[in-house]
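**Q** Let me see the structure of the following:
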Amino acid sequence: MNATSTKADSSPNSRPRRFETLVGLGWGLLTFYAAYFLTHYLFLIHLYGFPRVRSEHLRFTAMPKGSSWIVSNGDRITEGHFLHFVISLVLWLAFFFVTYRFIYRLLPEKKDDDAG
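**A** Below is the predicted model:
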C-alpha cells in the first residue's frame, strides 16, 4: 500500500501547476478590487434606482469606517453597510471561482523532480 500517487493515478486536471499560489493570490486581489468597486455602483442602484444613479452620476465621495457614507448628491447613508458587504462578498466569490479555474488551466504543469 503506497500512499503516494503515481502519474497513472492522477488525472490531467488535478496535476499541480507552476505559480498557482502566486497567480491565485494576485487574481484574488484583483477580483476583490473589481467586486468592491462594482458593489458601490450596485448598492447605489439598490438605494436610488438605476435611472437616478445614471442621470445624476451618483457616486460615493466618502466611506469612512464607523460613520455614515456620503453620496455625491449630499445624502448620508447610515444603514445598509452590511448589505454592501454581502453584495461585495457574493460578487468576489463569483468572479474569483468562476474565472480562476480557466486561469488555472492556462498555467504550465509543474516539472517532476524525480532523481530516478
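
**Q** Pull out the buried residues from stretch 22-32.
**A** Residues of stretch 22-32 classed as buried by neighbour count (16 or more other CB atoms under 10 Å): 23-24, 27, 31-32. Quick note: C-beta positions are derived from backbone N, CA and C, even for glycine.

**Q** next one: stretch 84-95
**A** Buried residues in stretch 84-95, counted by 16+ other CB under 10 Å: 84, 87-88, 91-92, 95.

**Q** Name the nearest residue to Pro16, sequence neighbours excluded.
**A** Nearest non-adjacent residue to Pro16, counting by CB to CB, 6 or more residues apart in numbering: Lys110, 4.7 Å away.

**Q** thought that neighbour was touching Phe19?
**A** No. Counting by CB atoms under 8 Å, Lys110 stays clear of Phe19, with 9.4 Å between them.

**Q** before we move on, what SS does the residue most central in space within the chain have?
**A** The centroid of the chain falls nearest to Trp92 when counting by CA atoms, centre = their mean (2.9 Å). Under the three-state scheme (DSSP: H, G, I helix; E, B strand; the rest coil), Trp92 adopts helix.
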